[in-house]
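Engineer: turn this into a structure:
(chains A and B)
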Number of protein chains: 2
Amino acid sequence: MNHDQTPLFDALHKHTTHLPVSFHVPGHKNGQILPEKARHYFQRMLPIDVTELTGLDDLHAPEDVIQEAESLLAAAYGVKESFFLVNGSTVGNLTMILASFNEEDMVFVQKNCHKSVLNALKLAKLQPVFIEPDYNHDWKVATGLSISSVEAAYQAYPEVKGIILTYPNYYGFTYDLKSIIEFCHAMDMVVLVDEAHGAHFIAGTPFPLSAVQLGADMVTQSAHKTLPAMTMASYLHLNSNRIDRQRVIFLLQALQSSSPSYPLMASLDLARSFIATYDKKDKDNLIMQRKAFLESLKHIDCIKVLTHTDNGDILKIVIQSTKGQSGFALQKKLEKAGVFPELADSHNVLLIFPLLKSDTEFDLNAISQRIKRAFLFPEEQTLPSNRSYPLPMNRKIYSCLSLNYREQAKKGKTFISLNQSIGRVSAEIIIPYPPGIPLVMEGEEITLGQIKELKQLIKLGARFHGGEYLHEQKIKVFE
Amino acid sequence: MNHDQTPLFDALHKHTTHLPVSFHVPGHKNGQILPEKARHYFQRMLPIDVTELTGLDDLHAPEDVIQEAESLLAAAYGVKESFFLVNGSTVGNLTMILASFNEEDMVFVQKNCHKSVLNALKLAKLQPVFIEPDYNHDWKVATGLSISSVEAAYQAYPEVKGIILTYPNYYGFTYDLKSIIEFCHAMDMVVLVDEAHGAHFIAGTPFPLSAVQLGADMVTQSAHKTLPAMTMASYLHLNSNRIDRQRVIFLLQALQSSSPSYPLMASLDLARSFIATYDKKDKDNLIMQRKAFLESLKHIDCIKVLTHTDNGDILKIVIQSTKGQSGFALQKKLEKAGVFPELADSHNVLLIFPLLKSDTEFDLNAISQRIKRAFLFPEEQTLPSNRSYPLPMNRKIYSCLSLNYREQAKKGKTFISLNQSIGRVSAEIIIPYPPGIPLVMEGEEITLGQIKELKQLIKLGARFHGGEYLHEQKIKVFE
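Structural biologist: Residues are numbered from 1 along each chain as shown, chains lettered A, B, ... in the order given. The predicted structure follows:
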């Protein structure tokens, strides 16, 4: 295998070099029809924004350059079969879950999962048992599952058919996935892993092991999150006979555009080549540059910086205020200085460090200077008094829905005030976004702790998916 | 409304002008991390391939520039509400169908629909009644439905909940949609229209009326097919109270990436501006240039050219051989001359003429010359003797599945030879692609006519979705 090869990208490049005439879709005709103001950004890209022309294969029935590119991908990740995704890890999660289970099947679900997992549970009409993740008190975020939680849940629900895990979490935390996979396989469960944030783990130390190496049955990865792929471009890996391949194929073509974007697919081909050739020199350079960058942040006295070692993702770096400011406030300062972090939460600003190659030009000194300037004038604003928020306490190890998806579909819904909602069954998912981890589940009985957390987030200016009337302190419940 | 405005594109442009530092996804960091060979195509585009940063809104909870852009879209198309789609009209069809009907609902379906409609029927577990389209003997393609067919089907199945139409067809044919919509609404049916090929109809004469103007409840349009949007970028229009808006919203965020592509969304914003400002001068120029182009093709003696008047889409032009050659053979010749048509079928090569503006530079003379060269040396190859193929004869006006989707899910499947399959129930959809119109439905009893048509297509070198063992003359049936 020569991972310098990029068969799909090369075929597109070759196609453009003959100055082809387009009497086909898309309507921009290789970029010739385009509003003037769009030219700078779009014109060079559009000649490869083509369709299933002769020699360019077909994502949904690959037999030529796309098949080659997908084979190179499977080889790089050491799996049986890999698929290019043009609809994000969202479609990866939908496909994994809809392909692996049947209606009413019981499944374990790591509670701090992405909303696409929850949407898939609902569309597949499964019976989820949510398992509570561990919690990191420094970062103040939910991390991963412990093997003991999974074992305890299994004791209670031995009829479970599989488990849906998130590894690493948004903040780069990993956990003992190997033991969980071994236990689950021994109990005849299917193991699906949303590894959206770990497409680069395959590069090896200092990165943690990837779920594909640890034996998961299916794994989805957002190539666009850490590799140089275009947004919405992801990978799906099938690495087991426990899953019906034909169902996977059906779902991928049913849930993804029948006109998949060639620039996105080409970027997946290029990103595979990028990571499969990421070598020791690249890693040494990355470690050195990251160290220097972190060193330069040390001298800013109103912030502290949290990082991972090789048990977590070294690309994830968190900044917290030492003056009691929220992550949202820190984010504003950084953005004012032109530095855009990945997300803010109540406590943290999360940065994703670039996956530098040894020859990447990236002026980290200039960036450090900007960050320093951002924090030159620390405001005295402090967080509200219950600073320990959102430390989850006394949560159950696992929890079921109070109303299953079929029952939910038959019930009416109404909005009531947050204060009156405790003990009622929520009729909406509320997800602070980013990071897209649900706080209140649809079909779940609402607790006092959740309402406290929700009020705090509203106060701190978090954004939400769901929660249409949260600004009026109202939540939708089943009647 | 000022349709020169492009609020989303402008916000992205503004974001890039401040040379922002990216510590967020995607991993290419505004294009700074990118394999050398990809630079020419990707580097200028990638600074706008960003994520939900401050000021850039959120497709799944729009309240700023994306909301503005979608409002301009709704205004341009004269509908209640419009949505940007980043997963093609595929997700438009899935959403329309899953949002409008419940499991086991009976629906009428125009038989020459796109496979995404069939996938949606299966995922939604509906009871489809397929209505046979009319047939055009010159173009030799299925066109649209007649009001009499719809009335006849309604007489037989008055319990029907709605109808799913395709307008125009792939070849630009329209039909009396207005009468069908009026009849269906009078019978309390929901009307959904896959107008993938008609996003430009809103420009008015000489184009046919759009389904949004004719009163359909929901309409999906591939902005990328005829407008200058990027591939996979589409529109969904909601124009009725017959459909639960909340279900639409849920499905759009469940079935589309939670990391939607900003270049795709920006291209939707630009494409709306393009078509909403397409004026008389543009249309006069288009008509004139098209006329001159068609004129120049007249003198090629081995081909004939078929076109539409204002009852069909004037952008769709078909070339047929006068020497008995198949469309596939003509396509090969054109491609050899660097002219790439939209598709070939047994008889036709389909060209999609560019939607020229009055100031578009597009050298149609040079293209005509290329086409002339392509046909300089007509081969004497002729079609097999049953030249009347694929004229459908004696087809029933409407037909149901022999096995519904739930029954199908419980049955085993096996491959048998095409010759033995007549009278068995097909366990796969077989779709010659393009144009993506199914020949054999999953769950349908296989007929002699279908097998004849299938064998002919294999012989002529058509490509298929489904039909894994067609090359061995085998088809999958239920046991």
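Engineer: where along the stretch 101-250 of chain A do the helices fall?
Structural biologist: A:115-124, A:147-156, A:177-186, A:223-226, A:245-255 (DSSP state H, counting those that start in this stretch).
Engineer: now the single nearest residue of the stretch 201-350 of chain A relative to chain B, nearest residue through space, not along the chain?
Structural biologist: Relative to chain B, the nearest point of the stretch 201-350 of chain A is residue A:257 (3.0 Å; CB to the nearest CB). For glycine as for every other residue, the C-beta is placed from the backbone atoms N, C-alpha and C. Excluding the flanking residues, the one nearest residue A:257 by CB to CB, 6 or more residues apart in numbering or on different chains is residue B:88, at 3.0 Å.
Engineer: most tightly packed of the helices of the stretch 101-250 of chain A?
Structural biologist: helix A:223-226 (a mean of 30; mean count of other CB atoms under 10 Å in any protein chain shown).
Engineer: just the CA trace of that one, in PDB.
Structural biologist: Extracted C-alpha coordinates of helix A:223-226, given in PDB (Å, rounded to 0.1, in the frame of the first residue of the first chain):
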ATOM      1  CA  ALA A 223     -12.400  13.100   9.400                       C
ATOM      2  CA  HIS A 224     -13.200  16.800   9.300                       C
ATOM      3  CA  LYS A 225     -12.700  17.400  13.000                       C
ATOM      4  CA  THR A 226      -9.000  16.700  13.300                       C
END
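Engineer: who does it touch, helix- and strand-wise?
Structural biologist: strand A:234-238, helix A:262-276 (3 or more CB pairs under 8 Å, 6 or more residues apart in numbering or on different chains; DSSP states H and E).
Engineer: after the helix ranked longest in chain A, which helix or strand is next?
Structural biologist: The longest helix of chain A (DSSP state H) is helix A:280-297. Remark: after helix A:280-297, the chain's next helix or strand is strand A:303-306, criterion DSSP states H and E.
Engineer: walk me through which strands that next one pairs with, and which way each runs.
Structural biologist: Strand A:303-306 pairs in its sheet with strand A:316-321 (antiparallel), by DSSP bridges.
Engineer: export the strand it pairs with as CSV, just CAs?
Structural biologist: The C-alpha trace of strand A:316-321 is given here as CSV (Å, rounded to 0.1, in the frame of the first residue of the first chain):
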residue,chain,number,x,y,z
LYS,A,316,-7.3,19.2,23.1
ILE,A,317,-6.3,22.1,25.4
VAL,A,318,-8.6,23.8,27.8
ILE,A,319,-8.3,27.3,29.2
GLN,A,320,-10.0,28.2,32.5
SER,A,321,-10.1,31.5,34.3
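Engineer: next, the buried residues of that strand.
Structural biologist: Across strand A:316-321, burial judged by 16 or more other CB atoms under 10 Å in any protein chain shown covers A:316-321.
Engineer: what's the average pLDDT for it?
Structural biologist: Averaged over strand A:316-321, pLDDT sits at 96.
Engineer: and the next helix or strand after that strand, does that touch chain B?
Structural biologist: Next in sequence after strand A:316-321, counting helices and strands by DSSP H and E, comes helix A:327-336. Yes: using CB under 8 Å from any CB of the partner chain, we find that helix A:327-336 touches chain B at A:331, A:335.
Engineer: winner for burial among the helices and strands packed on helix A:223-226?
Structural biologist: By mean count of other CB under 10 Å, the helices and strands packed on helix A:223-226 have helix A:262-276 as the most buried, with a mean of 28.
Engineer: now that one and helix A:280-297, what's the angle there?
Structural biologist: Relative orientation of helix A:262-276 versus helix A:280-297 (axes from the mean of the first three to the mean of the last three CA atoms, to 10 degrees): 90 degrees.
Engineer: so helix A:262-276 versus strand A:234-238, what angle?
Structural biologist: Using the same axes, to 10 degrees: helix A:262-276 against strand A:234-238 is 70 degrees.
Engineer: show me what helix A:262-276 is packed up against.
Structural biologist: Under the contact rule (3+ CB pairs under 8 Å, 6+ apart), helix A:262-276 is packed against helix A:7-17, helix A:65-77, strand A:81-85, helix A:223-226, helix B:39-42.
Engineer: if you set the cut-off to 7 Å instead, what comes out?
Structural biologist: helix A:7-17, helix A:65-77 (3 or more CB pairs under 7 Å, 6 or more residues apart in numbering or on different chains; DSSP states H and E).
Engineer: for residue A:197, find the nearest of those.
Structural biologist: helix A:65-77 (15.4 Å; CB to CB).
Engineer: name the residues that touch whichever helix or strand residue A:96 is part of?
Structural biologist: If you go by DSSP H and E, residue A:96 is part of helix A:88-100. Outside of helix A:88-100, the residues within contact range by CB atoms under 7 Å, 6 or more residues apart in numbering or on different chains are A:85, A:114, A:116-117, A:120-121, A:123-124, A:162, A:164, A:190, A:192, A:194, A:196, A:218, A:220-222, A:232, A:234, A:236, A:243-244, A:247-248, A:251-252, A:255-256, B:256-259.
Engineer: what do you get for stretch A:287-297?
Structural biologist: In contact with stretch A:287-297 (CB under 7 Å, 6+ apart) are residues A:206, A:305, A:307, A:314, A:353, A:356, A:364, A:368, A:371.
Engineer: make CSV out of those and add neighbour count.
Structural biologist: Output for the contacts of stretch A:287-297, formatted as CSV (neighbours: other CB atoms under 10 Å in any protein chain shown):
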residue, neighbour count
A:206, 15
A:305, 14
A:307, 17
A:314, 21
A:353, 21
A:356, 23
A:364, 16
A:368, 19
A:371, 21
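Engineer: of these, which belong to strands?
Structural biologist: residue A:305 (DSSP state E).
Engineer: now tabulate the contacts of stretch A:287-297 in TSV and tack on distance to residue B:336.
Structural biologist: Compiled in TSV, the contacts of stretch A:287-297 are given as follows (distance: CB to CB, whole Å):
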residue	distance to residue B:336
A:206	52
A:305	60
A:307	58
A:314	52
A:353	49
A:356	45
A:364	51
A:368	56
A:371	57
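Engineer: tell me which two of the contacts of stretch A:287-297 sit farthest apart.
Structural biologist: A:206 and A:371 (23.2 Å).
Engineer: how about the residues of the stretch 351-479 of chain A by chain B?
Structural biologist: Residues of the stretch 351-479 of chain A lying near chain B by CB under 7 Å from any CB of the partner chain: A:351-352, A:354-355, A:360, A:362, A:367, A:370, A:436, A:465.
Engineer: among those, which ones are buried?
Structural biologist: Neighbour counting with 16+ other CB under 10 Å marks A:351-352, A:354-355, A:360, A:362, A:367, A:436, A:465 as buried within these.
Engineer: can you list the residues of the stretch 101-250 of chain A near chain B?
Structural biologist: A:115-116, A:119, A:123, A:224-232.
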